[in-house]
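Novice: Test case, fold it:
(chains A, B and C)
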Amino acid sequence: MSDKKPERRDFLFTASYAVGAVGVAAVVWPLVDQMNPDASVKALASTEVDVSSVKPGNTITVLWRGKPVFIRRRTQDEISEAKSVKMEDLKHPERDEDRAKDPQWLVMLGVCTHLGCVPLNDKGDYDGWFCPCHGSHYDTSGRIRKGPAPLNMEVPKYEFVNANTIKIG
Amino acid sequence: MKNFIKLFSILVLFFFTITQSNSAEKIDYLKTDWSFKGLFGKFDRGSLQRGYQVYTEVCAACHSMKYLSYRNLGEEGGPEFSEAETKAIAASFEVTDGPNADGEMFERPAKLSDKFVMPYENVKAAQAANGGAYPPDMSVLVKARGGGVDYIYSLLQGYEEVPSGMTLDEGVHYNKYMYGNKIRMSAPLSEDIVEYGDGTKATVEQMSKDVTTFLMWAAEPHLEARHQMGFKAIVYLIILTILVYFSMKKIWSRVESEV
Amino acid sequence: MSDHEYVPSSKFGKWFNDRLPLLTLASHLTDYPTPKNLNYWWTFGGILTFCLITQIVTGLTLAMHYIAHADMAFESVEHIMRDVNYGWLIRYIHANGASMFFLAVYIHIFRSLFYGSYKSPREIIWIIGIIIYLLMMAAAFMGYVLPWGQMSFWGATVITNLFSAIPLVGEGIVTWLWGGYSVDNPTLTRFFTLHYLIPFLILGLVVLHIWALHVPGNNNPIGIDVKKPSKDTVPFHPYIVIKDGFALLMFMIVFAFFVFYSPNILGHADNYIEANPMVTPAHIVPEWYLLPFYAILRSVPDKLLGVVAMLSAILILAALPWLDTSKIRSAVFRPLYKQFYWILVADVLILGYMGAMPAEGLYLLIARVATAYYFLHFLVILPVLGFKEKTIPVPLSITEPILGGSPNLAMAKNKESLDK
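Specialist: The predicted structure follows:
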């Protein structure tokens, strides 16, 4: 038995295994991907909201991607209060300007960053929101000030498509 | 090996005879070239877009297509209208949404995510408006008829004079290709009933072909992806089969003699 | 059972194996002595295992999106076909996979019929196989109902109505099956549950089927008992693994042609029409793999007897090891039986064809003759043949005729050319 024989035999087997493995991967991918959001879900990825009836000091809650989104039209006092907070006092430092491009409008996911409950509006020690599940307090910019939540309420991607309509997502 | 080939060919023959007998009676349908048939079949985009126009302007008055969404018109493998065109098409239809904050339902222009608007609220309303006959939903119509695209294509051109000796009830028409020859739908297509945006002459034959192509896509929106994947899958399997075949021969050569 | 104790090479392996001997099992499976003269008809067991796993995996992923409610079932299937990522692919694999599963099982069964694999000492393997086959038919029937098309609905109506043929309790049983006064939502939801359950019952039975097989070992084309291990056998791995792999790939090419290029050719167009209790399709037909039994059912004018005939046609197979009185296993050495075997194959194909035709006129006559012949084959021809047939002398071993020194050498060479 020359040296060539085992070499060629090994190559054949290695090649078979390699080509076979490609096939296995090609089969596995669709089975995994079918659990990813399907086309009809992805089509609902963004929502347009008419905010023309929201007066200063009022908040509306809309459903986006299955979760509540708070849209608050803030009063001047709320805006000044938000802007005057020092970064050192924040567990999750974020400037109000970075959270509300137009300071009059605060748009954020109404989901407590602790364990996912929906915080209550106009409650808590910081004139913002209070989460009754484990006692997290959020300020007028939706930032965590007291309690177990680690992060500020998330601000999703949004834009004003016209003066009265916000497109979220 | 010979036995295997014999059995395999019997089985293939068997399968095909079975499938023939399941379809409609032996009728020679009108034939045309369908661009989407065959191993490398693809849809003709222009035909799909024209077909959509025929569907919307002629058929949609009575036939719903409830499993399609407006966004499908812009997706890969279909008519592939641009996003702007698709949004405009959607916005030209009104859908019912709600309830709003007052608890009422309201009308609004359709979005890409909405399903195709139906001409009638429900099946009974459709029947009532069409002399008791329900104009079938067209989402999978091509697959729901044994003759498939050839049948639909032929039927649209198959309206003829009632043969002597046959009398038809009020509102019933004679069609050469309809199963049973009697059809409640009057001939839907006539020359130039639609003015094609791309300037193609709207003959009955042309419209029949375009709308049938559109219906084929509506029933099988992933046809092109399926054909492409199929080609790759079969080439891959053939390659792997050859490699495994030689591996098998190599391994079995260790056995002195095969009986 | 095994000649030597398997000792795992790693310490962890030894520790684990002492507590749950999976590694010993694995070594038994790889070393399992298999006759080396098996031909390609023997690869369908492995192919069937692949089919079962394919159906379970695709079924599971479909079940993540399918809605088992009469108002939403059809739409949910369209949602899968249009919106779910690769949904169309998984659905077409599952639907065509059922056909491929039955194609493979029929070849597997007919292999056993030809080579006498059902004969002693393999009767229990055979009977477990019949039970698996029955469960396959139940699963396939219920699975076909799930899309809630016209054929789904009316096929369910026709077949469940059969139970009313049972005297006294028939009507009650049908109502109980339906969960109502006709096939409707309660029927659909329970069919979904049972359709999901049965493949796992089949999986368990397949384990028993293979376990029972490993006691005597595989049959082989010349039907003689083989000493294991010996010069007549090869270890399952790699010889049979690679051969099964090759056959499986060929099978997958056929499968791929259906899935990617003709995914609806084995189905029925009427099932793309939503179920309508007010309108019955012109011809109600089951899927192709149930057609022979459908033909037998319709051959008998009496409702109850038709059902009895249909069930007997399957159950009679369970009695086969005792109906076939021949001492010789393989048809290779039974020239008369071989002829009757091929006539049976033709008979079953004819029954299948008749099942797709309207049950009237010439079609009905042929179906009746074919049904009668089917029972004649098992109840009369086989028992008589065992006694009357003059068989060809069987070689003493697989390798022995080739190495010479046996009067059966010429016979064995002749058999070789017959077998290919």
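
Novice: near chain B, which residues of chain A show up?
Specialist: Residues of chain A lying close to chain B by CB under 8 Å from any CB of the partner chain are A:9, A:12-13, A:15-16, A:19-20, A:22-23, A:26, A:39-40, A:43-44. All C-beta atoms are positioned from the backbone trio N, CA, C, and that covers glycine.

Novice: which bits of the stretch 51-200 of chain B sit near chain C?
Specialist: Residues of the stretch 51-200 of chain B lying close to chain C by CB under 8 Å from any CB are B:67-68, B:72, B:136, B:139-141, B:143-146, B:148.

Novice: quick one, what contacts the residue of chain A found nearest chain B?
Specialist: Going by CB to the nearest CB, chain B is nearest to A:Ala43 of chain A, at 3.8 Å. By CB atoms under 8 Å, 6 or more residues apart in numbering or on different chains, the residues touching A:Ala43 are B:69, B:71, B:112-113.

Novice: ok, it to B:Met138 distance?
Specialist: Using CB to CB, to the nearest Å, A:Ala43 is found at 21 Å from B:Met138.

Novice: ok, now A:Val22?
Specialist: A:Val22 is 40 Å from B:Met138, by CB to CB.

Novice: cool, and B:Tyr52?
Specialist: Distance from B:Tyr52 to B:Met138, by CB to CB: 12 Å.

Novice: again, but for B:Met185
Specialist: 12 Å.

Novice: With neighbour numbers in mind, choose between the two.
Specialist: B:Met138 (24 against 20; other CB atoms under 10 Å in any protein chain shown).

Novice: Phi first, then psi, for the residue of chain B found nearest chain C.
Specialist: Among all residues of chain B, B:Gly230 sits closest to chain C, at 2.5 Å; criterion: CB to the nearest CB. In terms of degrees, to the nearest 10, the main-chain angles of B:Gly230 are phi -60, psi -40.

Novice: confidence score at it?
Specialist: B:Gly230 carries a pLDDT value of 97.

Novice: count of neighbours near the closest residue to it other than its chain neighbours?
Specialist: Leaving aside its chain neighbours, B:Gly230 sits nearest to C:Phe260 (2.5 Å; criterion: CB to CB, 6 or more residues apart in numbering or on different chains). Other residues lying near C:Phe260 total 23 when counted by other CB under 10 Å.

Novice: Identify the residues contacting C:Phe260.
Specialist: Contacts of C:Phe260 were listed using CB under 8 Å, 6+ apart, and they are B:226-227, B:229-231, B:233-234, C:92.

Novice: quick one: which of the residues you listed is nearest B:Lys201?
Specialist: B:His227 (29.8 Å; CB to CB).

Novice: and the closest one, helix, strand or coil?
Specialist: At B:His227 the chain is in helix, as set by DSSP: H, G, I helix; E, B strand; the rest coil.

Novice: Separate out the buried members of the contacts of C:Phe260.
Specialist: B:226-227, B:229-230, B:233-234, C:92 (16 or more other CB atoms under 10 Å in any protein chain shown).

Novice: ok, which pair from the residues you listed is furthest apart?
Specialist: Put simply, by CB to CB the two of the buried ones among the contacts of C:Phe260 set farthest apart are B:Ile234 and C:Tyr92, 14.6 Å from each other.

Novice: pLDDT score assigned to the residue most central in space within chain B?
Specialist: Most central in chain B under CA atoms, centre = their mean is B:Met216, positioned 2.3 Å from the mean C-alpha point. Turning to B:Met216, the model gives it a pLDDT of 98.

Novice: Check C:Leu311 too.
Specialist: If you check C:Leu311, the pLDDT there is 94.

Novice: so C:Ala346 is in which element?
Specialist: Using DSSP states H and E, C:Ala346 falls within helix C:335-356.

Novice: Work out the gap between the helix or strand following that helix and the centre of the chain.
Specialist: The helix or strand immediately downstream of helix C:335-356 is helix C:361-376, counting by DSSP H and E. Remark: helix C:361-376 is offset 23 Å from the chain centroid, using CA atoms, centre = their mean, to the nearest Å.

Novice: could you pull out the helices for the stretch 201-350 of chain C?
Specialist: Applying DSSP state H, counting those that start in this stretch to the stretch 201-350 of chain C gives helices spanning C:241-261, C:291-299, C:303-318, C:320-323, C:335-356.

Novice: Excluding residues flanking it in the chain, which one is nearest residue 151?
Specialist: You didn't say which chain, so I picked chain A. Closest residue to A:Leu151 apart from its sequence neighbours, by CB to CB, 6+ apart: A:Thr113 at 4.1 Å.

Novice: Sorry, I should have been clearer: chain C.
Specialist: Nearest non-adjacent residue to C:Met151, counting by CB to CB, 6+ apart: C:Asn271, 4.2 Å away.

Novice: which regions of chain C sit below the pLDDT cut-off?
Specialist: Confidence mapping of chain C against pLDDT under 70 gives the ranges C:1-4, C:400-420.

Novice: cutoff 80 now
Specialist: Within chain C, the segments meeting pLDDT under 80 span C:1-5, C:399-420.

Novice: Show me what residue of it gets nearest to chain B.
Specialist: Residue of chain C nearest chain B, by CB to the nearest CB: C:Phe260 (2.5 Å).

Novice: ok, so what distance separates that residue from chain A?
Specialist: Plainly put, C:Phe260 is 13 Å away from chain A if you go by CB to the nearest CB, to the nearest Å.

Novice: I'd like to check which residues are in contact with the closest residue to chain A within chain C.
Specialist: Residue nearest to chain A within chain C: C:Tyr86 (3.6 Å; CB to the nearest CB). Residues counted as contacts of C:Tyr86 (CB under 8 Å, 6+ apart) are A:30, A:33-34.
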